Each structure stands twice: as C-alpha cells, then as structure tokens.
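[1] sequence plus predicted model, see below.
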Amino acid sequence: MSDPVLAQLAQVLEARKGADPEGSYVASLYDRGLDVILKKVGEEAAETLIAAKNGDPDPLIHELADLWFHTLVLLAHQGLGPERVLAELERRFGLSGLEEKARRGG
Ligand SMILES: N=c1c2ncn([C@@H]3O[C@H](COP(=O)(O)OP(=O)(O)OP(=O)(O)O)[C@@H](O)[C@H]3O)c2ncn1[C@@H]1O[C@H](COP(=O)(O)O)[C@@H](O)[C@H]1O
C-alpha cells in the first residue's frame with residue numbers, strides 16, 4: 001500500500017533534516033528534539049478530541065491533518081516513514097480478509 005501525498009510529504013520532511021530551523025517549522029521541531037515533537041503530537045491529539053466532541057466536521061479534519069502531520073514528523077525524526085505504518089495496516093487488513101474468507105468457508 002502507498003499514498004502519493006504521504007510519500008511526497010515524507011520526502012520533504014526528510015529533506016528538512018538539513019534545513020535552517022529559522023526558516024522551516026519542521027527543521028525547528030527536529031532542532032528542539034523528541035520531547036517537543038511528542039508534546040506536539042499530544043496537543044494535536046487533544047485538539048482532535050475536542051473538535052470531535054464539538055461535532056463540526058471542518059475543525060475535526062483540520063485537527064486530524066495537524067495530528068497526522070506531526071506523527072509523520074515523529075516518524076521521520078525516528079528514521080522511519082509512513083510506508084512502514086501503511087504496510088502494517090495492509091498486513092492487518094490482509095489477515096482480517098483471510099479470517100473473513102475462512103469464516104465464510106472460502
Ligand atoms: N503540513 C504541514 C503542516 N501542518 C501543520 N503545520 C504547522 O503545525 C503547527 C500546528 O501547531 P498549532 O496547533 O500550535 O498551530 P496553531 O498556530 O496554534 O494553529 P492551528 O493549526 O491549531 O489552527 C502550525 O504552525 C502549522 O503551520 C504544518 N507545517 C508544515 N506542513 C508541511 O511541511 C512542509 C515543510 O514545512 P516547513 O518545514 O515549515 O517548510 C510544508 O511544505 C507543508 O507541506
């Protein structure tokens with residue numbers, strides 16, 4: 001499984017590892033380190049929960065995009081990329097698909 005938007009964004013996040021923190025939000029996150037990145041992920045998760053409880057779809061999408069973005073920054077900081085998460089989802093989906101097939105006797 002792959003997604004072109006996630007893949008291209010991951011390339012930009014990788015390239016920002018050599019960028020000036022003054023001119024790049026992502027480089028400034030790398031510069032401030034893991035704890036700051038984790039704090040941002042936590043904040044965006046909390047903002048997502050609040051938006052979901054409010055029931056308005058647009059703020060929910062906005063906050064989820066912020067959350068996904070910061071989890072991609074976290075992955076990049078750890079030397080990982082979205083393809084690893086997509087492969088894990090695909091593996092689980094494949095397993096559940098096989099279980100479903102077996103349940104139906106196929
Ligand atoms: N997709 C994003 C992206 N999504 C969110 N953000 C930033 O993440 C921060 C979110 O933190 P906060 O929730 O505290 O933001 P806020 O200012 O309070 O406002 P809200 O977003 O909550 O309304 C903001 O500063 C956003 O600008 C992003 N910053 C960058 N990107 C992408 O990353 C690429 C590289 O960015 P630079 O390193 O800045 O060049 C860009 O080209 C974009 O494609």
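    Received, thanks. What you see is a predicted model; the values in this text were computed from it and never measured.

[2] now the helix or strand of the chain with the lowest mean pLDDT - C-alpha only, CSV.
    The helix or strand with the lowest mean pLDDT-type score in the chain, counting by mean pLDDT, DSSP states H and E, is helix 82-103 (a mean of 83). As requested, the backbone C-alpha atoms of helix 82-103 are provided in CSV (Å, rounded to 0.1, in the frame of the first residue of the first chain):
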residue,chain,number,x,y,z
PRO,A,82,4.7,6.3,6.5
GLU,A,83,5.2,3.2,4.3
ARG,A,84,6.0,1.2,7.4
VAL,A,85,2.7,2.1,9.0
LEU,A,86,0.8,1.6,5.7
ALA,A,87,2.4,-1.8,5.4
GLU,A,88,1.3,-2.7,8.9
LEU,A,89,-2.2,-1.7,8.2
GLU,A,90,-2.1,-3.6,4.9
ARG,A,91,-0.9,-6.7,6.8
ARG,A,92,-3.7,-6.4,9.3
PHE,A,93,-6.2,-5.9,6.6
GLY,A,94,-4.8,-8.9,4.7
LEU,A,95,-5.2,-11.0,7.9
SER,A,96,-8.7,-9.9,8.6
GLY,A,97,-9.6,-10.5,4.9
LEU,A,98,-8.3,-14.1,5.2
GLU,A,99,-10.2,-14.6,8.5
GLU,A,100,-13.3,-13.3,6.9
LYS,A,101,-12.9,-15.7,3.9
ALA,A,102,-12.3,-18.7,6.3
ARG,A,103,-15.4,-17.7,8.3
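
[3] pull out the buried positions in that helix.
    When burial is assessed from 16 or more other CB atoms under 10 Å, helix 82-103 yields the following buried residues: Pro82, Glu83. Bear in mind the C-beta positions are built from the backbone N, C-alpha and C, glycine included.

[4] identify the residues contacting it?
    Contacts of helix 82-103 from elsewhere in the structure, counted by CB atoms under 8 Å, 6 or more residues apart in numbering, are Met1, Ser2, Asp3, Leu6, Ala7, Leu9, Ala10, Leu72, Leu75.

[5] go again using 10 Å as the cut-off
    Residues external to helix 82-103 that are found in contact with it (CB atoms under 10 Å, 6 or more residues apart in numbering): 1-3, 5-7, 9-10, 13, 68, 71-72, 75-76, 78, 106.
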